[in-house]
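> when you get a sec, could you give me coordinates for this:
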Amino acid sequence: MNSNMDTDGYDTVTLTLDDDEVVECAIIDVFPAGDRQYIALLPLDDDGEQATDEVFLYRFIDNGDEKDPDLENIEDDSEYELVADAFDELLDTMEYEDDFGEEDEPE
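Numbers count the residues shown, from 1 in each chain. The predicted structure is shown next:
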């Protein structure tokens, strides 16, 4: 996994999939689920636009400042369900913050 800051202001990573396809992805967020950290990635096309409605979810392993983090596939169905539910909650929170952000809060 290679990580960099895209010119549009969001972090991106370059993944090599199991079929050797190389995919540039925007990092949606790193979030907890259970006792682990996970990452949600949005595949981008060659123009840096959203390629599909699909989101990639991976186990996120932070290796400290010295090394890039590792991503691991989620093989277990129950673990994937836990992560997908946590991601849905994250999306709900992001949508709520977009709808009722700081500018809408009373002073």
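
> for Asp46, grab phi and psi.
Main-chain dihedrals, Asp46, degrees, to the nearest 10: phi -60, psi -20.

> Leu57: what's it in contact with?
Tyr38, Ile39, Ala40, Leu41, Ile74, Tyr80, Val83, Ala84, Phe87 (C-beta atoms under 8 Å, 6 or more residues apart in numbering). Any C-beta I mention is one placed from the backbone N, CA and C, and that applies to glycine too.

> among those residues, who's most crowded?
Highest neighbour count within those: Tyr38, with 25 neighbours (other C-beta atoms under 10 Å).

> does that residue lie in a helix or a strand, and which?
strand 36-43 (DSSP states H and E).

> can you map out the strands along the chain?
Using DSSP state E, the strands found in the chain span residues 2-5, 11-16, 22-33, 36-43, 56-61, 70-72.

> so which of these comes closest to Glu95?
Closest to Glu95 of the strands of the chain is strand 22-33 (C-beta to C-beta; 12.5 Å).

> so where is the protein shaky, pLDDT-wise?
By pLDDT under 70, the weakly predicted segments of the chain are 1-9, 101-107.

> bridging across strands, which residues link to the residue nearest the centre of it?
Central residue of the chain (C-alpha atoms, centre = their mean): Ala40, 2.0 Å from the mean position. Bridge pairing for Ala40 (DSSP bridges) gives the partners Asp29, Leu57.

> about what we covered before: out of the strands of the chain, deepest packed?
The highest average neighbour count among these, using mean count of other C-beta atoms under 10 Å, belongs to strand 36-43 at a mean of 19.

> quick one on the thing from earlier: which helices and strands sit right next to the strand holding Tyr38?
With contacts taken as 3 or more C-beta pairs under 8 Å, 6 or more residues apart in numbering; DSSP states H and E, strand 36-43 sits against strand 22-33, strand 56-61, helix 77-99.

> could the ones you listed go into TSV alongside distance to Thr14?
Below are the helices and strands packed on strand 36-43 laid out as TSV (distance: least, C-beta to C-beta, whole Å):
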stretch	distance to Thr14
strand 22-33	5
strand 56-61	12
helix 77-99	21
